[in-house]
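[1] I'll drop the sequence and a predicted model, then ask my questions.
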Amino acid sequence: MTDASALIGSWRMVSWTREAVATGEVTDALGADPVGYIAYHADGRMMATVFSSARPGPKEGGWTDAEKVALYDTLLAYVASYTLEQDRVVHHVEAAWNPNWQVDLSRPFTLDGDSLVISGAPGIDPATGEEVIYRMEFVKV
């Protein structure tokens, strides 16, 4: 079992892929070069935010409803408490950009020095409804 102190800190996302369970096809979850961080705190709290690097820049005058939908589909964000269960970190999500993610997310992970990989748990892609397996790579900052 991993010592919880090894997870403490901020981690910058390097890549985020998704494998479609039905076909085995692997694609980038939010496009190439996502901008994201996950942070684990000693008090048992965590937060995760990820944005597509292809999001539009600032815009004067507000956003149309269609543009707001597109912005929503290019991010992930949630806050949670967390616990460790052997080779898994469980995020007990309290609030999320997508209310369907306000559940316990059990994620297998590996740590190797300043590298964190969270992968292996099937889930539902909120944009497509497909069953997928996500693989997220981070480096400690």
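    Sure thing, it's come through. Numbering: from 1, shown residues only.

[2] hey, where'd the strands end up in this structure?
    Remark: strands assigned in the chain by DSSP state E are 9-20, 26-28, 35-40, 45-51, 75-85, 88-96, 104-112, 115-124, 131-140.

[3] tell me which strands and helices the fourth one is in contact with?
    Pointing back at strand 45-51 there. Secondary-structure packing of strand 45-51 (3 or more Cβ pairs under 8 Å, 6 or more residues apart in numbering; DSSP states H and E): strand 35-40, strand 75-85. The C-beta positions use only the backbone N, C-alpha and C, and glycine is treated the same way.

[4] Now render the strands of the chain as a markdown table, adding mean neighbour count.
    Below are the strands of the chain laid out as a markdown table (neighbours: other Cβ atoms under 10 Å):
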| stretch | mean neighbour count |
| --- | --- |
| strand 9-20 | 17 |
| strand 26-28 | 12 |
| strand 35-40 | 19 |
| strand 45-51 | 18 |
| strand 75-85 | 17 |
| strand 88-96 | 17 |
| strand 104-112 | 14 |
| strand 115-124 | 16 |
| strand 131-140 | 17 |
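
[5] about what we covered before: could you dump the helices and strands packed on strand 45-51 to JSON lines with distance to residue 69 and mean pLDDT?
    As requested, the helices and strands packed on strand 45-51 are exported to JSON lines (distance: least, Cβ to Cβ, whole Å; pLDDT from 0 to 100):
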{"stretch": "strand 35-40", "distance to residue 69": "20", "mean pLDDT": "98"}
{"stretch": "strand 75-85", "distance to residue 69": "12", "mean pLDDT": "96"}
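
[6] Which one of these lies nearest to residue 136?
    Among the helices and strands packed on strand 45-51, strand 35-40 comes nearest to residue 136, with 7.8 Å by Cβ to Cβ.
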